[in-house]
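> Here is my input, please return the structure:
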Amino acid sequence: GGNCCKILYLASLRSFWHISDLHWDYTYKLGDDPSLVCSSSGRRPAEGAGKFGHYVCDSPWELINSSIYAMKNILEHPDFIVWTGDDTPHVPNEDLGEEKVLFIIEGLTQIIKQLFPKTKVYSALGNHDYHPKSQLPAEQNNIYNKVGDLWKDWMEPSSQDNFQKGGYYTERLLNRPGFRVLVLNTNLYYDQNSVTENMQDPANQLQWMDDVLSKAVLNNEKVYIIGHIPPGVFEKKRNKAWFRPHFNKRYLELIQKHHCVIMGQFFGHHHTDSFRMFYSDENPVSTIFLTPGVTPWKTTLPGVDDGANNPGIRIFEYDSETLLVKDMITFYFNLTHANNARARWEKEYRLTEAFHVPDASPASMHRIMENMAGDSCILQKYYEFNSVSYDRKPCNAGCRINHICAIREVDFEMYKHCVETGDTSPTVEGAIWLLVLSAVSEIVIPSL
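Okay, here's the model as predicted:
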């Protein structure tokens, strides 16, 4: 009996890719002047730049190409690919224009189709996938129409119609009864988006989300949610939120209301590796997994010290019977090493091995957060993964508060309280688990 159950379990374990924030800088060119290597550096010198890029630049084509080929070499036949946007470089609007934005999205779409011709892709727009950037409208427009056409092979006809009206859609996940995916346009909630500033529900997306999730509850469906900009606060800069407050509040309410059917949320935008927890009656009920970017670009956000990262891509393993996220494996590209010696995508870590948890369920992700709050070694491990093994300096007390409060409190007021009080101590349950963990010097979890 035992062996039979094991085989059944393994048979139900399936995989998909998640990639985000490729930010292709087509101007990247090696030359004598380090301040002119790429437009995205904003004239910051790219000293020692190599063919795969530099930390002050967005991705050259060599890096994009390398990342998609690495996906093919590591897992050639995923069930599907999640692609959460931001395709164009960090340059002024006047250096881009609508045609260039569409040219870049088309170039990235083509290489994914070329290497994964039979794979379903669930693709969300990022705030950089529009002109002018971040100003995504709540109505039909040329970019939604053109991108909808580029992605039509990946969508049901009704999804394409919906996407062209507001940049979002829903359909059965892999056309399987009982499973659903929601691809959101959360750029409508971005505090930099002046077009939607005075709207209560741009493109009616929040009402639509409530309706779709309510139906999913009635039909006993399991749901994955995909988007670019996440709710909550950026972990690398205190009090830096992306959503306008009323949108953040409403999003949080919708997840709490429908958490019983939501099996995972997958977002990008941060370029970092992190996660966000949602609670109902103090129980962990849902997690946003924030996938790191392919671009290594060092953010120019004031107050962020050395905010670059190594390029990262990620595989999720999930139970095909329940959609429970069982594990995630992050692969990274050491940019310095790639330019100087050999280009190699390698496994950075597997979640269950690195953090000694049985799976990536909300309960396990909550446990990881609690362990980080109570153990500086676990916090440091998370902190180094956060920049995809780029920034290895110690995560001090202020750093701990920034990360733990951002992970634990998606609600703006609760986050503010967390930061002000500095109370990141684990709960009683978390403290007990830490004692157990320290008592067992080595927990071996089999690698699936």
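
> Just checking the distance from stretch 382-395 to the centre of its chain.
Mean-position distance between stretch 382-395 and its chain equals 17 Å (CA atoms, centre = their mean, to the nearest Å).

> Return the set of buried residues in that stretch.
By 16 or more other CB atoms under 10 Å, the buried positions in stretch 382-395 come out as 382, 383, 384, 385, 386, 387, 388, 389, 390, 391, 395. C-beta coordinates here come from the backbone N, C-alpha and C atoms, glycine included.

> How about stretch 396-404?
Buried residues in stretch 396-404, counting neighbours by 16+ other CB under 10 Å, are found at 399, 400, 401, 402, 403, 404.

> a markdown table for these, including secondary structure, distance to residue 245 and pLDDT?
Formatted as a markdown table, the buried residues of stretch 396-404 follow (DSSP: H, G, I helix; E, B strand; the rest coil; distance: CB to CB, whole Å; pLDDT from 0 to 100):
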| residue | secondary structure | distance to residue 245 | pLDDT |
| --- | --- | --- | --- |
| 399 | helix | 25 | 97 |
| 400 | helix | 25 | 97 |
| 401 | helix | 21 | 97 |
| 402 | helix | 20 | 97 |
| 403 | helix | 22 | 98 |
| 404 | helix | 22 | 98 |
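
> what about the strands in the chain?
13-19, 80-83, 120-123, 169-172, 179-183, 222-226, 262-267, 274-280, 283-290, 312-319, 325-333, 345-350 (DSSP state E).

> Greatest separation within the buried residues of stretch 382-395: which pair is it?
Greatest spatial distance among the buried residues of stretch 382-395 (CB to CB): 388 and 395, at 15.1 Å.

> picking up where we left off before, and the buried residues of stretch 382-395 as JSON lines, adding pLDDT and distance to residue 420?
Below are the buried residues of stretch 382-395 laid out as JSON lines (pLDDT from 0 to 100; distance: CB to CB, whole Å):
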{"residue": "382", "pLDDT": "98", "distance to residue 420": "23"}
{"residue": "383", "pLDDT": "98", "distance to residue 420": "22"}
{"residue": "384", "pLDDT": "98", "distance to residue 420": "27"}
{"residue": "385", "pLDDT": "98", "distance to residue 420": "27"}
{"residue": "386", "pLDDT": "98", "distance to residue 420": "23"}
{"residue": "387", "pLDDT": "98", "distance to residue 420": "26"}
{"residue": "388", "pLDDT": "98", "distance to residue 420": "30"}
{"residue": "389", "pLDDT": "98", "distance to residue 420": "32"}
{"residue": "390", "pLDDT": "98", "distance to residue 420": "30"}
{"residue": "391", "pLDDT": "97", "distance to residue 420": "26"}
{"residue": "395", "pLDDT": "97", "distance to residue 420": "20"}
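
> which among those residues gets closest to residue 84?
residue 388 (16.0 Å).

> dump the residue contacts of that closest one.
Taking CB atoms under 8 Å, 6 or more residues apart in numbering, we find residue 388 in contact with 272, 273, 292, 309, 310, 311, 312, 330, 332, 348.

> Recalculate using a threshold of 6 Å.
Each residue near residue 388 by CB atoms under 6 Å, 6 or more residues apart in numbering is listed here: 292, 309, 310, 312, 332.

> how close does it sit to residue 139?
Using CB to CB, to the nearest Å, residue 388 is found at 37 Å from residue 139.

> ditto for residue 420
40 Å.

> do residue 421 as well
From residue 421 to residue 139 the distance is 43 Å (CB to CB).

> Check the offset of stretch 187-204 from the chain's centre.
Centroid separation between stretch 187-204 and its chain, computed with CA atoms, centre = their mean, is 21 Å.

> So which bits of it are buried?
Going by neighbour count (16+ other CB under 10 Å), the buried part of stretch 187-204 is 187, 188, 189, 190, 191, 193, 195, 196, 199, 201, 202, 203.

> Most widely separated two among those residues?
Maximum pairwise distance among the buried residues of stretch 187-204 (CB to CB): 17.1 Å, between 191 and 203.

> Next, please give the residue ranges for the helices of the protein.
Here the chain has its helices, by DSSP state H, at 2-11, 61-74, 98-115, 142-150, 157-166, 205-218, 245-258, 335-340, 351-355, 362-374, 376-386, 397-408, 412-421, 428-439.

> Let me see the contact set for residue 212.
By CB under 6 Å, 6+ apart, the contact set of residue 212 is residue 170.

> What pLDDT is listed against it?
Note for residue 212: predicted pLDDT of 98.

> Quick check: it vs residue 159, distance?
According to CB to CB, residue 212 stands 12 Å off from residue 159.

> likewise residue 186?
Taken as CB to CB, the span from residue 186 to residue 159 is 17 Å.

> Pick out whichever of these two has more residues nearby.
Taking other CB atoms under 10 Å, residue 186 and residue 159 do not tie; residue 186 has more neighbours (29 against 20).

> these two touch, right, the more buried one and residue 226?
No. Residue 186 lies out of contact with residue 226 (CB atoms under 6 Å); the separation is 9.8 Å.

> Out of the helices of the chain, indicate the one that is most buried.
helix 362-374 (a mean of 23; mean count of other CB atoms under 10 Å).

> Can you give the contact residues for that one?
Defining contact as CB under 6 Å, 6+ apart, one finds that helix 362-374 is touched by 275, 277, 284-287, 355, 357, 378-379, 382, 404, 407, 424, 426, 430, 434.
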